[in-house]
Each structure stands twice: as C-alpha cells, then as structure tokens.
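Participant: sequence? don't have it. structure:
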C-alpha cells in the first residue's frame, strides 16, 4: 500500500512547533560543530603553536611592564587582568596538539549523538531524547576527562552544559509527543 499525502500531513500535525524548532536548531548546531571539530583536529599543531606563542608574548609583556617607570599605572591593570592571565596560562599549558585532537574527537562524538537524537526525535522516536541526553553528557564530561578538575574544564563544561541543559528541558516538554 502506498503512503497517502494525508499520512504525511498527520505526521506534520502531530509534531509540535517547539519540537520542530529545537530539532532544526540541533541539526544546524550539531552539523556546524562536527565541521568545526574536523577543522580543529586537522589544525591541532598550528593551534598549539599559536597558544604557545601567545603565552610567550604574555610573559615577555609582563617582564617589560615590571621594568618600566609606569609601574604604578600597570599595577592596577595587572590586578584587573590577573584572572584572565591565569586562565590563559592554564589553557596554553593544556593546549598540546594531542589534547586538542582528543577534545575535537570528544566534541565530534557529542555532536554526532545529539544529531542522531534530534533526527530520531524529528521522526517522533522517544529513544532520540535519551541519545540526545547522552550526547550532552559526553560534552560535559570531555573537559574533565582530558584536563582534570580545573578552571578551564569548568568553563568548557559550563558552556556546553548550560545550552545542553536548556535544550534538554525544552525537548523534555515535548516528550509526550514522542513514541
């Protein structure tokens, strides 16, 4: 028996508008993230070199400002930017080509799972929700697994966790529509 046009219209009516919007945003975001992580993986050595050169420049600037006659003026700036410099130092130490590649692989896995989950939810499959949540858990866990429990890991995990939690809650509002 051939599918009728009405069968497709019924499926469209069953899928809530919020679920459509969330799935489309996830399709775009996850696809973009996969492409970005492929680029990150392939340019890991150059990125690590750039981070190392930024760290060296920062240390050089720090030495120059200590020797200058404008030391009192720079003291306020040093206090204000101390937190930023601490994070930059932590990031540059951790950004080895190997760690960048591992992060890219972890983020790609996360994006693949969230994309598969969204595709399944688009087809109104409840299992897609759980696959999506698993992808979010991966994105939150990767920084801690690779870099340990430090400021940088919490920053990366917070960013991905915030949006992941937001989308998970919004997807959960539509769980009744999923079979």
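Facilitator: Yep, that arrived. Computed from a predicted structure; not experimentally measured.

Participant: alpha carbons only for contacts and neighbour counts from here, please
Facilitator: OK.

Participant: which residue is nearest the centroid of the chain?
Facilitator: In the chain, the residue lying closest to the centroid (C-alpha atoms, centre = their mean) is residue 160, at 4.6 Å.

Participant: So for residue 5, what's the pLDDT?
Facilitator: We have a pLDDT of 55 for residue 5.

Participant: go on, residue 73?
Facilitator: Residue 73 is assigned a pLDDT of 52 by the prediction.

Participant: Return the set of buried residues in the helix or strand residue 160 falls within.
Facilitator: Element membership for residue 160 (DSSP states H and E) is helix 151-172. Judged by neighbour count (16 or more other C-alpha atoms under 10 Å), helix 151-172 contains these buried residues: 152-154, 156-157, 160-161, 164, 167-168, 171.

Participant: rewinding a little: what's the pLDDT at the residue nearest to the centre of the chain?
Facilitator: Taking residue 160 on its own, its pLDDT is 86.

Participant: In this model residue 140 seems to touch it, though I could be wrong.
Facilitator: Yes. At 6.2 Å, residue 160 counts as touching residue 140 under the criterion of C-alpha atoms under 8 Å.

Participant: Which positions in the helix or strand where residue 24 lies come out as buried?
Facilitator: Secondary structure from DSSP H and E places residue 24 in helix 17-42. Using 16+ other C-alpha under 10 Å as the test for burial, helix 17-42 gives 19, 22-24, 26-27, 30-31, 33-34, 37-38, 40-41.

Participant: returning to that earlier point: max pairwise distance over the buried residues of helix 151-172: which two?
Facilitator: Put simply, by C-alpha to C-alpha the two of the buried residues of helix 151-172 set farthest apart are 152 and 171, 28.4 Å from each other.

Participant: that older thread, what's the angle from the helix holding residue 24 to helix 151-172?
Facilitator: Here the directions of helix 17-42 and helix 151-172 differ by 150 degrees (axes from the mean of the first three to the mean of the last three C-alpha atoms, to 10 degrees).
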